[in-house]
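>>> no letters, just coordinates:
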């Protein structure tokens with residue numbers, strides 16, 4: 001038997017991160033109002049709290065190492081097994097109420113969860129029976145708070161009535177992590193805490209994470225001695241993880257913090273929105289306070305419902321803001337129709353936008369001229385600000401309430417522009433609409449000084465929680481009022497509207513203004529339609545691929561292959577200006593992408609046939625899934641297997657496509673339908689109104705598809721002599737040393753960086769602009785480079801030229817297909833078409849070598 005009391009190593013110096021590093025989930029002791037059993041997979045009790053004899057009347061040594069059914073009643077073991085069978089997540093906790101553990105003994109409330117390989121059972125004596133229907137109670141509480149415009153004070157009052165604590169506070173976290181008491185219910189004679197702020201360091205990071213996972217925490221008696229947990233010799237090498245424990249004791253620092261506040265007992269209920277900690281219901285009592293497990297369960301349910309209500313109210317506020325934004329958008333569009341779509345019109349409309357987004361003044365940057373209105377920095381100050389805007393707001397809205405922190409010269413005009421919100425109007429000419437807000441020197445009232453004291457104790461330096469909670473006021477300077485989520489959403493909608501106006505203005509002359517406007521609107525509508533269709537298809541692929549995937553790696557691989565098949569199809573139809581695409585080219589491209597040099601194992605023949613764009617993507621996905629299945633289970637899984645694809649046109653114009661596998665494994669109809677099989681069997685009938693039939697014959701799969709004549713055109717569709725320009729093969733990890741990646745989209749850059757590392761790069765230098773990339777090349781010469789061609793308002797040609805001078809191999813990347821005018825010296829450089837994969841990048845690297 002061993003006591004698993006593992007103390008963390010002493011640090012050389014204490015700072016605020018000391019609290020963040022404390023392993024509170026491994027504290028290895030529990031509160032003494034209940035006991036804990038840790039049970040191994042063979043139902044042997046391998047861990048037990050020292051106070052087990054107080055509750056069961058059994059010596060610790062007789063419990064530790066015994067079988068669970070030899071210690072408690074078989075009916076209790078059965079109840080525990082039943083609760084285990086319905087645990088559905090690693091963070092799940094199941095409850096059993098009023099369970100008799102010993103014959104003739106008292107009843108206990110049990111909490112059951114899993115921790116690594118252990119079953120954790122925590123027991124506490126059942127409270128005196130009360131008429132507590134959790135569902136009915138929460139419904140009643142919800143009905144009361146929904147009727148209130150300001151419902152948080154009522155929620156605090158109801159929680160106090162449920163739990164009996166002296167004080168119940170609801171406090172909300174600010175963006176900086178500090179918390180503010182926004183509602184309170186306290187017994188008479190207690191000093192009010194309403195409006196006080198608590199620094200972020202009061203709740204360390206790991207504690208916040210646990211509060212999301214385990215939403216109810218109780219400390220029955222602050223001054224009580226905890227009960228340590230003992231383990232069977234050889235049962236464990238370290239303390240067990242008590243993250244989901246209901247009895248876990250609190251850290252010594254938190255206990256000291258509560259003692260300094262004069263608190264005798266606490267309970268917290270987490271308020272979670274969108275998976276993040278929105279705030280807490282925090283309950284304090286001057287003396288010992290035990291809230292029964294059933295009451296705590298009701299409090300947890302109330303917290304979840306209150307979280308949903310908070311989310312609903314906040315979303316309603318944003319939606320109301322969006323209604324006003326849409327109204328303003330209609331007014332802007334109407335003004336554009338009347339005055340013309342020019343950037344000067346945008347300047348005239350800026351005042352209307354300012355009415356929607358409260359500000360003290362704004363600046364309009366148009367065609368190199370700065371126009372000011374309201375209380376703003378001076379024209380020279382605004383002109384000096386332009387490079388900062390170019391860097392941070394070229395293609396997206398940018399907002400900060402503390403400009404001086406990022407742009408030090410702004411500290412000279414905080415009285416006129418402490419905070420800014422920037423809407424880019426035109427990325428090409430770098431025009432902006434900038435809203436300014438004054439400095440708001442405001443007082444924040446903290447619950448005591450927010451800094452923690454450094455003390456030297458027996459284990460070395462430590463952070464000591466503050467001992468005074470007398471209200472302490474701090475004057476915050478250099479900041480404006482923050483830009484709210486609703487204001488940022490409105491700004492984004494206005495940015496899109498202004499962008500549409502500028503697009504309408506592109507190439508417009510005075511004589512053809514209205515005609516061009518109509519054409520641009522039709523173009524935008526068609527583009528929106530196509531993008532929505534593509535996004536809808538991708539969303540469906542993600543959802544269905546997830547259902548059929550067995551693990552994350554399989555899901556990533558299968559989904560990636562399907563998206564790349566779609567991308568190849570779209571490359572072919574966009575190359576024809578969204579016109580009909582060649583069926584032969586589609587099959588050749590898929591064969592080359594899938595089999596590379598082995599593509600000859602797929603033969604195909606048929607009359608010249610073109611597919612309309614709406615049919616092209618569907619047929620491409622079907623062909624891709626057929627090839628995938630053939631490679632896994634069919635003819636292409638054997639060295640001598642092959643596939644024949646033949647098609648012909650019926651007299652009425654319908655296309656008949658036949659897929660025939662030979663020389664492969666014996667096949668049989670699948671016993672279950674995965675998403676791939678669903679694509680093969682149902683896509684053409686459902687999306688195109690055609691037909692699909694499959695025959696799992698002994699020689700190999702036979703499939704027949706019919707595509708209606710309305711989606712077919714006859715024409716020249718001569719397939720390429722090589723299936724694809726650069727075949728996708730599994731690349732070897734041959735990059736050595738450092739690679740250079742130039743990409744202005746952060747999401748694509750993160751993916752590409754990982755691809756280069758997977759291909760052997762020890763590290764990756766990442767740049768988003770020409771200037772940054774050339775600066776990196778001054779200090780280090782990479783072994784390979786991947787260059788996005790289009791970098792906003794510039795291209796990567798200067799980087800390519802420098803790499804050529806340094807004799808560094810590189811490839812280009814682009815999402816524009818073949819519609820690029822390359823400099824003559826770079827026309828032979830391979831180009832990766834987005835989205836790209838490890839195999840396609842690797843094959844292109846081989847081509848560039």
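Great, that's in hand. These numbers were taken from a predicted model, which means no experiment stands behind them.

>>> give me the element residue 267 is part of.
strand 265-273 (DSSP states H and E).

>>> which element follows that strand toward the C-terminus?
Next helix or strand after strand 265-273 toward the C-terminus (DSSP H and E): strand 276-285.

>>> that next one pairs with which strands, and in what direction?
strand 167-173 (antiparallel), strand 265-273 (antiparallel) (DSSP bridges).

>>> following the chain past that strand, name the next helix or strand.
helix 293-339.

>>> from memory residue 803 sits against residue 785, does it?
Yes. Contact criterion CB atoms under 8 Å: residue 803 and residue 785 qualify, at 5.5 Å. Where you see a C-beta, it was placed from the backbone N, CA and C, and this is true even at glycine.

>>> where do the contact lists of the two overlap?
Residues touching both residue 803 and residue 785 (CB atoms under 8 Å, 6 or more residues apart in numbering) are 740, 810.

>>> these two: who's more crowded?
More crowded of residue 803 and residue 785, by other CB atoms under 10 Å: residue 785, with 27 against 23.

>>> for that one, give its distance to residue 808.
Distance of residue 785 to residue 808, given as CB to CB, to the nearest Å: 6 Å.

>>> overlap in contacts of those two?
Counting by CB under 8 Å, 6+ apart, the residues touching both residue 785 and residue 808 are residue 740.

>>> residues touching stretch 381-396, excluding its own?
Here stretch 381-396 makes contact (CB under 8 Å, 6+ apart) with 363, 365, 370, 372, 376-377, 398, 406-407, 409-410, 412-413, 417, 422-424, 427, 430, 432, 434, 495, 792-793.

>>> and those, which are buried?
Buried residues within the contacts of stretch 381-396, counting neighbours by 16 or more other CB atoms under 10 Å: 363, 365, 370, 372, 376-377, 398, 407, 410, 413, 417, 422-424, 427, 430, 432, 434, 495, 792.

>>> so which of these sit within strands?
Mapping those onto strands (DSSP state E) picks out 363, 365, 370, 372, 398, 422-424, 432, 434.

>>> turn these into a markdown table, including pLDDT.
Below are those laid out as a markdown table (pLDDT from 0 to 100):
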| residue | pLDDT |
| --- | --- |
| 363 | 90 |
| 365 | 87 |
| 370 | 88 |
| 372 | 87 |
| 398 | 92 |
| 422 | 92 |
| 423 | 88 |
| 424 | 88 |
| 432 | 88 |
| 434 | 92 |
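
>>> quick one: which of those residues is nearest residue 290?
Set against residue 290, the nearest of those by CB to CB is residue 398 (51.7 Å).

>>> any idea how far the closest one is from residue 437?
Taken as CB to CB, the span from residue 398 to residue 437 is 14 Å.

>>> which neighbours do these two have in common?
Joint contacts of residue 398 and residue 437 (CB under 8 Å, 6+ apart) are 420-421.

>>> in which helix or strand would I find the closest residue to residue 430 other than its chain neighbours?
Closest residue to residue 430 apart from its sequence neighbours, by CB to CB, 6 or more residues apart in numbering: residue 390 at 5.7 Å. Secondary structure assigned from DSSP H and E places residue 390 in helix 379-392.

>>> only the buried residues of that helix, if you could.
Residues of helix 379-392 classed as buried: 381-382, 385, 388-389 (neighbour count, 16+ other CB under 10 Å).

>>> turn these into a markdown table, including distance to residue 99.
Formatted as a markdown table, these follow (distance: CB to CB, whole Å):
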| residue | distance to residue 99 |
| --- | --- |
| 381 | 72 |
| 382 | 71 |
| 385 | 68 |
| 388 | 65 |
| 389 | 66 |
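
>>> closest to residue 584 out of these?
Distances from residue 584 to the buried residues of helix 379-392, taken as CB to CB, are shortest for residue 389 (50.9 Å).

>>> could you measure from that closest one over to residue 401?
According to CB to CB, residue 389 and residue 401 sit 17 Å apart.

>>> same thing with residue 305?
The gap separating residue 305 from residue 401 is 33 Å, by CB to CB.

>>> any idea of the mean pLDDT in stretch 826-835?
The pLDDT scores in stretch 826-835 average 81.

>>> and if you look at stretch 253-267?
Across stretch 253-267, pLDDT averages out at 85.

>>> can you give me the end-to-end distance of it?
End-to-end span of stretch 253-267 (CA to CA, to the nearest Å): 17 Å.

>>> and if you look at stretch 635-653?
By CA to CA, the extent of stretch 635-653 from end to end equals 31 Å.

>>> stretch 127-141 now?
Across its full length, stretch 127-141 reaches 22 Å between end residues, using CA to CA.

>>> check stretch 277-295 too.
Start-to-end span of stretch 277-295 (CA to CA) is 22 Å.

>>> buried sites along it?
277-285, 289-295.

>>> just stretch 668-681 next, same as before
For stretch 668-681, by 16+ other CB under 10 Å, it's 674-677, 679-681.

>>> repeat for stretch 217-230
For stretch 217-230, by 16+ other CB under 10 Å, it's 217-222, 224, 226-230.

>>> same check, this time on stretch 195-206
196-204, 206.

>>> what do you get for stretch 804-816?
Neighbour-count burial for stretch 804-816 flags 808-814 (criterion: 16+ other CB under 10 Å).

>>> dump those residues to CSV, plus pLDDT.
Listed next are the buried residues of stretch 804-816 as CSV, based on pLDDT from 0 to 100:
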residue, pLDDT
808, 91
809, 91
810, 91
811, 90
812, 90
813, 86
814, 82
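
>>> from the residues you listed, which ones fall inside strands?
Among the buried residues of stretch 804-816, DSSP E puts 810-814 in strands.

>>> re earlier: and which of the buried residues of stretch 804-816 is nearest residue 584?
Of those, the one sitting nearest to residue 584 (CB to CB) turns out to be residue 814, at 25.5 Å.

>>> could you find the closest non-adjacent residue to the closest one?
Leaving out its chain neighbours, the residue that sits closest to residue 814 by CB to CB, 6+ apart is residue 789, at 4.6 Å.

>>> residues near that neighbour, how many?
Look at residue 789: counted by other CB under 10 Å, it has 18 neighbours.
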